[in-house]
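> just need the structure, nothing else, for what follows:
(one chain, ligands or ions: 2)
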Amino acid sequence: MLKFQVHSPGKVILHGEHAVVYQKPALAAVVGLGTKLQLRSQAGSQVASFQLEALNCTVEIELNEFNAFVANFRNKYPSDKLESTAKLMEEVRAEVAKQLERTMGTTPKQHTQRAFLSIYYLLAGAVLSAPGDQRTLQTGFQVQVETELNVGAGLGSSASYGAALAAAFLILAGHFDENSYLQEENLALISHWAYESERVNHGTPSGVDNTVCTYGGILRFVKGQGFQALCIQKPLSILLVDSRISRSTADIVAKVRHLGEEFPQLIEAIWQACEQLVNAAVPLYESFGNAQDDSQKFEKLERLFQINNDLLKAIGVSHPKLEQIFTIAFKRGFFSKLTGAGAGGYAIVLLPENYECNEVYWKLKEELEAAGFGVHVTTAGGVGLRVSSLDN
Ligand SMILES: Nc1ncnc2c1ncn2[C@@H]1O[C@H](COP(=O)(O)OP(=O)(O)O)[C@@H](O)[C@H]1O
Ligand SMILES: C[C@@](O)(CCOP(=O)(O)O)CC(=O)O
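Ligands and ions are numbered 1, 2, ... in the order given. Now for the predicted structure:
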């Protein structure tokens with residue numbers, strides 16, 4: 001009986017948010033919080049059931065209907081390889097709309113619709129492109145998905161969810177197994193399908209979230225030019241602080257674009273400064289933790305956090321609640337910046353070595369919590385997606 005667990009991390013943008021929209025480099029890192037997916041096959045069952053804890057819902061797929069859908073698709077597009085994911089997405093959208101209406105009666109919430117669409121699309125993709133001749137699902141299974149990530153808050157919950165689903169379905173369909181998933185071509189396949197899942201949500205994502213969630217570490221990326229993994233010595237400790245202010249990335253990006261149209265040279269100078277900042281940060285991240293002058297490097301990194309945050313404030317993407325976080329942190333001697341689109345969402349506070357032994361750190365945490373913020377101590381730059389066995 002097949003049973004295993006997938007853990008895939010979320011992400012933060014360390015530097016270069018907004019500037020990256022204008023072809024400047026950015027750095028993204030995985031965080032120590034993520035999505036946990038458990039899959040157990042169910043002998044004698046003909047249903048695949050998905051318990052999505054974060055969305056408080058369960059969705060089901062009847063295997064006979066799914067297998068009929070796959071067979072129809074194969075008849076319609078009888079090429080051996082699954083060349084056109086666009087056609088598959090189109091067909092899956094129509095099928096899922098039909099099934100949701102029938103099984104749930106009312107139209108479900110948008111998060112549930114998208115989450116189910118990702119499931120159906122990735123499962124169909126994995127089965128249709130499976131090695132060997134068997135392109136059907138024979139035995140039912142149960143999937144449970146839990147997450148430590150706030151959905152829709154810029155921590156990459158959707159890529160983390162997509163990567164976990166992709167790994168699980170690719171194993172289920174026999175592309176690779178729990179022992180071989182870390183081989184380069186298998187990680188590339190997971191990242192590819194996690195990207196496809198992102199397309200369900202975002203149309204044309206940059207590809208950074210699925211890449212970093214799959215491979216882990218810290219990535220430097222430039223829109224349209226791909227990614228390079230930084231050679232870091234060890235992950236960095238950070239405090240993720242949730243301002244609890246929700247925002248729309250698209251709206252904020254549009255406002256910043258408008259500002260750039262009003263003051264083109266001025267805003268371009270800020271983007272150039274962001275690029276210089278990323279260039280200065282890369283060698284620090286790469287050498288931090290090699291025990292040579294770590295405290296000096298840490299202080300430099302703190303300064304870069306401050307400069308980056310001030311540049312983001314200059315383009316107007318802060319928020320009074322974020323400012324409150326920065327002030328609390330600064331008062332206690334910690335450096336912080338907003339991450340992602342801003343105007344709410346999360347702030348990152350840099351934590352020094354052995355922060356747990358420092359009384360001031362506990363005071364900081366206490367004060368942030370007392371002020372009503374969500375506080376999670378975690379790492380930036382740790383491991384990527386991992387599959388492990390399940391005892392029961
Ligand atoms: N734990 C989860 N369970 C089910 N669906 C999830 C989960 N996490 C993310 N999703 C999917 O990802 C979508 C959120 O994507 P998005 O708004 O881009 O948020 P984020 O910035 O956190 O990635 C949800 O609508 C849902 O489809
Ligand atoms: C502001 C931006 O640079 C990052 C947005 O990040 P997030 O949605 O807050 O994770 C936009 C983008 O890169 O598309």
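
> may I have the longest helix along the chain as PDB, with CA atoms only?
Across the chain, the longest stretch assigned as helix under DSSP state H is helix 264-287. Provided in PDB are the C-alpha atoms of helix 264-287 (Å, rounded to 0.1, in the frame of the first residue of the first chain):
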ATOM      1  CA  PRO A 264      10.500  58.200 -14.400                       C
ATOM      2  CA  GLN A 265      14.100  59.200 -13.600                       C
ATOM      3  CA  LEU A 266      13.700  59.400  -9.900                       C
ATOM      4  CA  ILE A 267      12.000  55.900  -9.600                       C
ATOM      5  CA  GLU A 268      14.500  54.400 -12.000                       C
ATOM      6  CA  ALA A 269      17.300  55.600  -9.700                       C
ATOM      7  CA  ILE A 270      15.600  53.700  -6.900                       C
ATOM      8  CA  TRP A 271      15.500  50.500  -9.000                       C
ATOM      9  CA  GLN A 272      19.200  51.000  -9.700                       C
ATOM     10  CA  ALA A 273      19.800  51.400  -6.000                       C
ATOM     11  CA  CYS A 274      17.900  48.100  -5.400                       C
ATOM     12  CA  GLU A 275      20.100  46.400  -7.900                       C
ATOM     13  CA  GLN A 276      23.200  47.600  -6.200                       C
ATOM     14  CA  LEU A 277      21.800  46.400  -2.900                       C
ATOM     15  CA  VAL A 278      21.200  42.900  -4.200                       C
ATOM     16  CA  ASN A 279      24.800  42.900  -5.700                       C
ATOM     17  CA  ALA A 280      26.100  43.800  -2.200                       C
ATOM     18  CA  ALA A 281      23.900  41.300  -0.400                       C
ATOM     19  CA  VAL A 282      24.800  38.200  -2.500                       C
ATOM     20  CA  PRO A 283      28.500  37.800  -1.200                       C
ATOM     21  CA  LEU A 284      27.300  38.500   2.300                       C
ATOM     22  CA  TYR A 285      24.700  35.700   2.200                       C
ATOM     23  CA  GLU A 286      27.200  33.400   0.500                       C
ATOM     24  CA  SER A 287      29.900  33.900   3.100                       C
END
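
> distance of residue 167 relative to ligand 1?
15 Å (Cβ to the nearest ligand atom, to the nearest Å). To be clear about C-beta, it is placed using only N, CA and C from the backbone, and glycine gets the same treatment.

> again with residue 132
For residue 132, the distance to ligand 1 equals 30 Å [Cβ to the nearest ligand atom].

> helix, strand or coil for that residue?
Classification of residue 132 by DSSP: H, G, I helix; E, B strand; the rest coil places it in coil.

> residue contacts, the nearest residue to it once chain neighbours are set aside?
Closest residue to residue 132 apart from its sequence neighbours, by Cβ to Cβ, 6 or more residues apart in numbering: residue 174 at 6.5 Å. Residue 174 makes contact with 130-132, 134 under the criterion Cβ atoms under 8 Å, 6 or more residues apart in numbering.

> would you agree residue 174 falls within a helix?
No: using three-state DSSP, the assignment for residue 174 is coil, not a helix.

> for it, give me the pLDDT.
pLDDT for residue 174: 95.

> ok, residue 104 next?
For residue 104, the model assigns a pLDDT of 67.

> check the one 5 residues further on too.
At residue 109 the predicted local confidence, pLDDT, stands at 83.

> looking at it, it is touching residue 55, isn't it?
Yes: Residue 109 lies in contact with residue 55 (Cβ atoms under 8 Å); the separation is 7.5 Å.

> so where is the stretch 51-200 of the chain shaky, pLDDT-wise?
Residue ranges of the stretch 51-200 of the chain with pLDDT under 70: 80-83, 104-107.
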